[in-house]
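Asks: give me the fold of what follows.
(one chain, ligands or ions: 4)
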Amino acid sequence: MKRKLVMIGNGMAGVSFVEQLLKLNPGRYDVSIIGAEPHPNYNRIMLSSVLAGEAGMKDIILNDWDWYRDNGIALLAGQEAVAVDAAARTVSTNGGETLPYDELVFATGSLPFMLPLPGADKEGVIAFRDIKDCETMIETAERYRKAVVIGGGLLGLEAARGLINLGMEVGVVHNSPYLMNRQLDETASRMLQAELERQGMKFLLGKQSDFITGEERVTGLTFKDGSHEAADLIVMAVGIRPNARLAKNSGLVVNDGIVVDDYMAASLPNIHAVGECAEHRGVSYGLVAPLYEQGAVLARKLAGADGDGYQGSVVSTKLKVSGVHVFSAGRFADEPGTKALRVQDDLDGIYKKVVFENGKVVGAVLFGDTGDSSKLFSAIRGGKDYTGIEKEVLFGPSGAGGKAESATDLVAAMSGDEIVCGCNGVTKDTLVGAIAEKGCASLPELKACTKASAGCGGCKPLVEAVLSATLGADRVAAVKEGICGCTPLSRDEVVGAIRQMHLTTSKEVMHVLAWRNTEGCSKCRPALNYYLGMAFPEEHEDERESRFVNERNHANIQKDGTYSVVPRIYGGVTTPEDLMKIATVAEKYRVPLVKFTGGQRIDLLGVKKEDLPGMWKDLDMPSGYAYGKSLRTVKTCVGNTFCRFGTQDAIKMGVDLEKKFERLNTPHKVKLAVSGCPRNCAEATIKDLGVVAIDGGWELYAAGNGGTRVRAADLLTKVKTEEEVLAWTGAYLQYYRETANYMERTSEWSLRVGLETIKRALEKPEDRDALNARIDKALELTQDPWKQIIENDDLRGAFGVMTATVGAQAADGK
Ligand SMILES: Cc1cc2nc3c(=O)[nH]c(=O)nc-3n(C[C@H](O)[C@H](O)[C@H](O)COP(=O)(O)OP(=O)(O)OC[C@H]3O[C@@H](n4cnc5c(N)ncnc54)[C@H](O)[C@@H]3O)c2cc1C
Ligand SMILES: NC(=O)c1ccc[n+]([C@@H]2O[C@H](COP(=O)([O-])OP(=O)(O)OC[C@H]3O[C@@H](n4cnc5c(N)ncnc54)[C@H](O)[C@@H]3O)[C@@H](O)[C@H]2O)c1
Ligand code: SF4
Ligand code: FES
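Replies: Ligands and ions are numbered 1, 2, ... in the order given. From the prediction side, this is the model:
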């Protein structure tokens, strides 16, 4: 008869242990898992990516419901274990179940620490630990504006970044004078702070919170020094505590966590603990890599296999905030008896610190360039003596031309059971096995087979190095990013297949290219819809349901759930008639806010969804596409028509460009500007394409950006005539449409493919003509979406408008 294994907790550490146990001895146990959250096992680490809008909830499921069924595991999801009777060997749940066990595993994780501040029980005060918290933040950001995050550690900064991406203003309150004080020294921390301030984060450092204000819902946070910060949302990210109360009530020895020995045995027979709830040699870990190591030890023991006990772990961390590269491992602080090698490059914003004790690397901090992280972490764990050759750790042997040890050398020196991907507990042996036995020959394939690099992504260089070391660099298939977890194929491979096999619908692509998830996900569906429309503009029918909400509704949704209406105003030039129309509509529909945009247009804000069709009908103006991945605006200065410095007619040029390229679908939004002389009043050099008049012609600037990461555009070419400006713009936009990844701005695209590549693709007139022929075909097929909606009953119905009432609704007293 099979023995009964019951596990309390359905999180990352526990389920990883069960996976390993099933591999070692699949038939030994009947496994039951009690999980308080109503979800299958998901990647908690990636909640930060979900919050930042980089992944969807579906993308983070590690083991779906089928996995439990296929492995014969009884999952009691949404139930909490409330009592353990160690003498009778049973566990009871709040769902009224009592499960007998032969072996019991606690994998209850941690609880976020909530500061016991007066007012902490108000609505809008939350932690960041699970899917529910993540959903609360996303919903809150739709209705409120100001968030305060308490805690400037890893979690707090990742939460803050996500909330900024959701459109909130975020202040981070930290009790120490510098951020991530548990992971960084002061120099790295100051550099980090400067970078995050550039990204829009505000810091309140060295602050002691006193109490939370508000009636039912939070309105702010008051500090011990009497100062106050307004807040509609407070996220506490001030550390975690092992979740060990049930274990303590069950009679187990508990300090901070459940005390375990080297084989993860707790203090009563047949009871074990893994993960954040366990305390091994006085340490409870809060990162997944050591927890997976613990799971491997327990799996071997319960499978009846021999193996060494758990010896404790050195941990390393990376902050998952895009555009920021920070790494920390081991003992990085200066202590008596240690010496540090420091490299600081203020020009490029790079800082590296490696700490030695008796010639051995014991800790490291990297900022700006984390390329050495795997090597340093390996050096810390390997314990090699570098006495006399310390500098080789960063600079390589002096006799080897100063070349540091490569990632491939590093992989060769790793033992098979060393973990390469900490987030997913993937060892070198697992990767080598997937390459040798399953034929994985690229990073996306390895990711699909083993989950390596599917978490924070920090291990990608090392996974690639394992691939090269195992297959030989020449046999590694083009190592490219897959478009999402539904397929191992890269963007180029997918677009190549669409063209070659003449695929015209997303369903067809997913079927023919054997998508793992047959419905696709929130990442690939809109991307495929774009690629198909770009490749076959005539045959592909827009898949409206695949588009983001703003594009589906042809309007920008605002944080209070209302929409904005932005009519097109070509080149920022309007007429008294159009202004009167806009004013009449604004009055008739009681538009709460009428505002000029940065792109020289008029924004009618606060519009109800059901009023949208009526307003557009009354306006009778083209849509300004303020919501779309398409040409947004062409900003112009007055040019030589009125300005005494102007050398060309900037207004006409801008209007011509906007009229020609409006409504075009592009990988991301595209903004243009035209200035009438190099004084550049239209700020053309921070636009996706900027046109600047010079004596006798025009300069075209490419791939600028005035957003979060400001980027000055690069000079693309100089031309003489307006026709040439239009031809170069058409060719440039079409080349961008054909070669960029979906959701990639021109600034990112240009950095990725290289300005020289773009110039080469456009330099020959015949190539520009061919690109223009293709863009003209796409342009011929565009239609104004609001005209279509107004004239079509079904489309209007989607806005909650009764068929006969467009326009009349408002006339009836709105
Ligand atoms: C936003 C975020 C980002 C992170 N990023 C990283 C990162 O980049 N790298 C990294 O290494 N780590 C990261 N971590 C930490 C990492 O997620 C945790 O270390 C890991 O999830 C812990 O695994 P665990 O199984 O021990 O606990 P958990 O994943 O917390 O699982 C425990 C589960 O047990 C359930 N449970 C508890 N008590 C009971 C009970 N009585 N009955 C039934 N069920 C119960 C809980 O509901 C929970 O689902 C991050 C954490 C968060 C919140
Ligand atoms: N990228 C990653 O590896 C990552 C990301 C998120 C979370 N995590 C893990 O999740 C867990 C929780 O993360 P965390 O950042 O909450 O924990 P943490 O303990 O690392 O950081 C908490 C921070 O809050 C500060 N703090 C404490 N009390 C405060 C107060 N009263 N006011 C202001 N600041 C205060 C502390 O100085 C500390 O720096 C950790 O185990 C962490 O390692 C890891
Ligand atoms: S860019 Fe030159 S032409 Fe245009 S408004 Fe400024 S000064 Fe005048
Ligand atoms: S280490 Fe985070 S994905 Fe591999």
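Asks: isn't N25 up against G304?
Replies: Yes. N25 is within contact range of G304, at 6.4 Å (criterion: C-beta atoms under 8 Å). Every residue, glycine included, has its C-beta placed from N, CA and C.
Asks: ok, these two, which is more surrounded?
Replies: Between N25 and G304, counting by other C-beta atoms under 10 Å, N25 is the more crowded of the two (15 against 9).
Asks: how about that one, nearest residue that isn't a chain neighbour?
Replies: Counting by C-beta to C-beta, 6 or more residues apart in numbering, A303 is the residue found nearest to N25 once chain neighbours are left out, at 3.8 Å.
Asks: L779 too?
Replies: L664 (6.0 Å).
Asks: pLDDT score for S453?
Replies: If you check S453, the pLDDT there is 82.
Asks: let me see the contact set for it.
Replies: S453 makes contacts with 421, 443, 446-447, 459-460, 463, as judged by C-beta atoms under 8 Å, 6 or more residues apart in numbering.
Asks: run the last query once more with 7 Å
Replies: Counting by C-beta atoms under 7 Å, 6 or more residues apart in numbering, S453 makes contact with 421, 443, 447, 459-460, 463.
Asks: ok, which pair from those residues is furthest apart?
Replies: The largest separation in the contacts of S453, counting by C-beta to C-beta, is between C421 and L443 at 11.5 Å.
Asks: the more surrounded of the two?
Replies: Of the pair C421 and L443, C421 is the one with more neighbours under other C-beta under 10 Å, namely 30 against 23.
Asks: that one bridge partners, please.
Replies: Beta-bridge partners of C421, counted by DSSP bridges, are V426.
Asks: quick check, it in contact with K447.
Replies: No. Taking contacts as C-beta atoms under 7 Å, C421 lies outside contact range of K447: 9.2 Å.
Asks: ok, the residue nearest to L779 - how many residues close by?
Replies: Counted with other C-beta under 10 Å, L664 comes out at 20.
Asks: correct me, but it touches A778?
Replies: Yes. Counting by C-beta under 7 Å, A778 is a contact partner of L664 at 6.4 Å.
Asks: name the helix or strand for E19, please.
Replies: Using DSSP states H and E, E19 falls within helix 12-24.
Asks: ok so, going back, shared neighbours, C421 and L443?
Replies: 453, 463.
Asks: on the three-state scheme, L716 is what?
Replies: Here L716 is recorded as strand under DSSP: H, G, I helix; E, B strand; the rest coil.
Asks: wait, what's in contact with it?
Replies: So L716 contacts 700-702, 732, 759 (C-beta under 7 Å, 6+ apart).
Asks: go on, H540?
Replies: Applying C-beta under 7 Å, 6+ apart, the residues contacting H540 are 504, 532-533.
Asks: return the subset of those residues lying in strands.
Replies: Applying DSSP state E to the contacts of H540, no entry is found in strands.
Asks: show me those that map onto helices.
Replies: 532-533 (DSSP state H).
Asks: grab the nearest non-local neighbour of K523.
Replies: Spatial nearest neighbour of K523, chain neighbours left out: C484 (3.9 Å); criterion: C-beta to C-beta, 6+ apart.
Asks: just to revisit the earlier point, quickly note the distance from the residue nearest to L779 to ligand 4.
Replies: Using C-beta to the nearest ligand atom, to the nearest Å, we find L664 at a distance of 37 Å from ligand 4.
Asks: pLDDT wise, what is that residue at?
Replies: On the pLDDT scale, L664 gets 92.
Asks: I758: which element?
Replies: helix 755-763.
Asks: show me what that helix is packed up against.
Replies: helix 722-739 (3 or more C-beta pairs under 7 Å, 6 or more residues apart in numbering; DSSP states H and E).
Asks: who touches the helix it packs on?
Replies: 534, 653, 656-657, 660-661, 664, 666-667, 670, 689, 691, 698, 700, 702, 716-717, 719, 746, 749, 753, 758, 761-762, 768, 771-772, 774-775.
Asks: please flag which of the residues you listed sit within helices.
Replies: Those of the contacts of helix 722-739 lying in helices (DSSP H): 534, 653, 656-657, 660-661, 746, 749, 753, 758, 761-762, 768, 771-772, 774-775.
Asks: now, which of the residues you listed lie close to ligand 2?
Replies: For ligand 2, no contacts are drawn from the ones in helices among the contacts of helix 722-739 by C-beta under 6 Å from any ligand atom.
Asks: out of those, which are buried?
Replies: 534, 653, 656-657, 660-661, 746, 749, 753, 758, 761-762, 768, 771-772, 774-775 (16 or more other C-beta atoms under 10 Å).
Asks: list the contacts of the residue nearest to K523.
Replies: Counted by C-beta under 7 Å, 6+ apart, C484 has contacts 521, 523-524.
Asks: if I look at it, how far off is ligand 2?
Replies: The spacing between C484 and ligand 2, counted by C-beta to the nearest ligand atom, is 22 Å.
Asks: mind listing the residues bridging to that residue?
Replies: Going by DSSP bridges, C484 is paired in beta bridges with T487.
Asks: and the pLDDT for it?
Replies: 78.
Asks: can you offset everything so residue one is 775?
Replies: Yes, from this point I'll number from 775; that puts the last item at C1258.
Asks: now the stretch 925-1074 of the chain against ligand 3: closest residue?
Replies: Nearest to ligand 3, among the residues of the stretch 925-1074 of the chain, is R972, at 27.6 Å (C-beta to the nearest ligand atom).
Asks: okay, that residue: pLDDT?
Replies: pLDDT at R972 comes out at 87.
Asks: and it, how many neighbours does it have?
Replies: So R972, with other C-beta under 10 Å, has 13 neighbours.
Asks: show me what contacts the residue nearest to N799?
Replies: Going by C-beta under 7 Å, 6+ apart, A1077 touches 795, 798-799, 802.
Asks: contact partners for P951?
Replies: 979-980.
Asks: which SS class is it?
Replies: coil.
Asks: quick one: the helices in the stretch 1075-1224 of the chain, in order.
Replies: Secondary structure of the stretch 1075-1224 of the chain (DSSP state H, counting those that start in this stretch): helices at 1147-1156, 1166-1169, 1181-1187, 1202-1212, 1217-1224.
Asks: give me the below-cutoff pLDDT ranges for the chain.
Replies: In the prediction, the chain carries residues with pLDDT under 70 at positions 1170-1183, 1229-1231, 1247-1256, 1320-1327, 1482, 1560, 1563-1564, 1567-1588.
Asks: per-domain residue ranges of this structure.
Replies: The chain is divided into the following domains under automatic domain parsing: 777-884+1016-1077, 899-1012, 1088-1178, 1180-1247, 1265-1310, 1405-1557.
Asks: out of those, which gets nearest to ligand 1?
Replies: domain 777-884+1016-1077 (1.8 Å).
Asks: and that closest one, how far apart are its ends?
Replies: Distance between the two ends of domain 777-884+1016-1077: 11 Å, counting by C-alpha to C-alpha, to the nearest Å.
Asks: quick one: that domain near ligand 4?
Replies: No. Domain 777-884+1016-1077 does not reach ligand 4 (C-beta under 6 Å from any ligand atom); its nearest approach is 7.1 Å.
Asks: centre of the chain to that domain, how far?
Replies: 27 Å (C-alpha atoms, centre = their mean, to the nearest Å).
Asks: great, nothing more from me.
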